[in-house]
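Enquirer: sequence first, then the predicted structure:
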Amino acid sequence: MTMLSRRNALKVAAGTVPALALGTLPARAASAPVTGVVPASLAVLDNVVKTYIAERTIDCAQLAVVKNGKLVLARGYGSYTSTATIGGQPVPSLVQPTSLFRIASLSKHITSAAILRLVQDGKLSLSAPVTTLLGLSTSGDTRLKDVTVLRLMQHLGGWDRNVSGDQLWLDHTISAVLDAPLPISHADIIEYATARPLDFAPGSKMIYSNYGYLLLGRIIEKVSGMSYEAYVKQKLLTPVGISRMMLGGSLRSEAPPSEVPYYSQYTNKTVLDGSGIVVPYPYGGFNMPNQDANGGWLASAVDLVKFAGVFDAAGPVLNSASIATMTAKPEIGISADGSWYGCGWYVRQVTGHLNTWHSGSMPGTYTYLARLQNGITYAALFNRREETGTLDYDVLSTRMNEAWSKVTTWPTTDLYSQYF
C-alpha cells in the first residue's frame, strides 16, 4: 500500500471519510484508497483502471488478473459505508479484493455451466424443449415447442426485447396484465411471456434474451430438485473453493457488509413491493431475486477469475465435452465480425486459442470478464455504469488489450492463497 493510500485508509478507519447518501453520485479523485497487490511490472494495468475510474467518478472498483493459472494481481479501489454497524453507527470500509459486487450478466456463464453439469451427469438433454421441461403451453405461439435448452443458452429462443420488451424489467406491466400483486414472481413472468407470440422463429437468429436465462434457472431447479442458488454452490462453486458468492437482494438493507453500494443517475423509481415508496433505482427500482440466473449473482473479481479457470481444462466441475459445448459455434454460424455467442460467453477464434468474454450492466453496475490468449484472464467490476450517454464504459477492454503489450515481465508468485 502506498503512503497516500495508507493515509486514506486511516481516514476511513477513523470515520473521517463522510458517508455517501444513496442515490447521489460520488466524486472520487484518482487518489482514492487502494487495497491488494499490484506487482511493479503490472503497474500499467493498475493505471488503466485508476484512469478509468477517475474519468467516471467511480468510487468502488476491483481488478483481478490471472496469468497461466496464477493470480498475479488483485486490487480493490475506493471506499464505502458498510451495512455493518458499530455502536449503531455505519462502518466505513475500504474496497477489498474480496468485496462483493453485483455482477449482472456475468451470471450467464455460471448458469450455462450449471446446465452443462446437469447434461454431463445424464440428467438433462440439450435438445429437450422448454415446453416439455417446464410444462409450458404453446397456445400463445406453437413455435415455442422449438425452443430447446441449447437455444436458450445461445440466445436463439425467439424473444427480441427491442420488439416485445425485456420481461425481466416489465414488473408493473406484468402485474397489471395478470392482476398479480407486486413484487411479481418468476412464475408471473413466465405466464406473461408464454401467452404472447415469439418475435422470431427459434433458431433463426441470435437476439440477446435475459428471459431465456430466467427459464434456464427454472430448468435447473426442476431437474435438480434444488434451488438454483443451492445447485450452483454445491456443484460449481464449492468444488473449486469459492464460498463468498451468493445471490443478491434488492434493498441496501439486505446487503452483506462486504457488498459495495451502487449509484445511478436515475433515482425516482417506485420500489417493486407495491408500497409506492420512491427509491434510488439500484435499491428496489428493479427486482434482484427475479434476476437470479440471468444477472443476480454477487461476486468479487478474484472469485470470477478463479471460476473462469473451470473452462481452461477438464476438472471437478466440467469435463472436456462440456467445455467444448460452452464455446461451440451456434447453428446460425458466426457474425460478420467473426465472433459468436456460445453458452454464456461471446467467443472469437484467434491463432491457437478461443477468446471468450462478457460484460454485465444494470443500474449501478458495470462488469467485464475475459479469457484471452497468452494465458491471460481478468475481471473488472464497478459500482456505476454509463447512463448519461457521455462516457463509453466499453472502452475498458480496448485499453486493457493495449496495456498487455506493455507488460514485459510477468510475476511468478500466485496470490490465490491470500484470498481462498
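Expert: Happy to help now that I have it.
Enquirer: going forward, measure contacts and count neighbours with C-alpha atoms only.
Expert: Fine.
Enquirer: which strand or helix spans Y378?
Expert: strand 376-382 (DSSP states H and E).
Enquirer: quick check: angle from the helix or strand just after that strand to strand 376-382?
Expert: Next helix or strand after strand 376-382 toward the C-terminus (DSSP H and E): helix 395-404. Inter-element angle recorded for helix 395-404 and strand 376-382: 140 degrees (by axes from the mean of the first three to the mean of the last three C-alpha atoms, to 10 degrees).
Enquirer: before we move on, what SS does G36 have?
Expert: What DSSP: H, G, I helix; E, B strand; the rest coil gives for G36 is strand.
Enquirer: just the helices in the stretch 201-350 of the chain please.
Expert: Taking DSSP state H, counting those that start in this stretch as the criterion, the stretch 201-350 of the chain contains helices spanning 210-224, 228-232, 292-295, 301-308, 320-326.
Enquirer: for P197, which of the ones you listed is the nearest?
Expert: helix 210-224 (14.1 Å; C-alpha to C-alpha).
Enquirer: next, the contact list for the nearest residue to W357 once chain neighbours are set aside, please.
Expert: Closest residue to W357 apart from its sequence neighbours, by C-alpha to C-alpha, 6 or more residues apart in numbering: A370 at 4.1 Å. Contacts of A370 were listed using C-alpha atoms under 8 Å, 6 or more residues apart in numbering, and they are 355-358, 377-379.
Enquirer: most widely separated two among those residues?
Expert: Farthest pair in those, by C-alpha to C-alpha: N355 and A379, 14.0 Å.
Enquirer: on that earlier part again, A321: which of the contacts of A370 is nearest?
Expert: Relative to A321, and with distances defined as C-alpha to C-alpha, the nearest of the contacts of A370 is T356, at 16.9 Å.
Enquirer: can you name the residues bridging to that closest one?
Expert: In this entry, T356 is beta-bridged to V347, R371, by DSSP bridges.
Enquirer: helices or strands up against the lengthiest strand in the chain?
Expert: Longest strand of the chain, by residue count under DSSP state E: strand 70-86. Contacts defined by 3 or more C-alpha pairs under 8 Å, 6 or more residues apart in numbering; DSSP states H and E place strand 70-86 against strand 34-37, strand 60-67, strand 89-94.
Enquirer: okay, buried residues for it please.
Expert: Residues of strand 70-86 classed as buried by neighbour count (16 or more other C-alpha atoms under 10 Å): 70-84.
Enquirer: and that strand with strand 60-67, angle?
Expert: Going by the same axes, to 10 degrees, strand 70-86 makes 160 degrees with strand 60-67.
Enquirer: hmm, back to that, V66: which of the helices of the stretch 201-350 of the chain is closest?
Expert: Distance to V66, taken as C-alpha to C-alpha, is lowest for helix 301-308 among the helices of the stretch 201-350 of the chain, at 6.8 Å.
Enquirer: can I get the closest one as PDB, trimmed to CA atoms?
Expert: Provided in PDB are the C-alpha atoms of helix 301-308 (Å, rounded to 0.1, in the frame of the first residue of the first chain):
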ATOM      1  CA  ALA A 301     -13.200 -10.100  -9.200                       C
ATOM      2  CA  VAL A 302     -10.900 -12.800  -7.600                       C
ATOM      3  CA  ASP A 303     -13.900 -15.100  -7.400                       C
ATOM      4  CA  LEU A 304     -14.700 -14.600 -11.100                       C
ATOM      5  CA  VAL A 305     -11.200 -15.200 -12.400                       C
ATOM      6  CA  LYS A 306     -10.900 -18.300 -10.200                       C
ATOM      7  CA  PHE A 307     -14.200 -19.700 -11.500                       C
ATOM      8  CA  ALA A 308     -13.100 -18.900 -15.100                       C
END
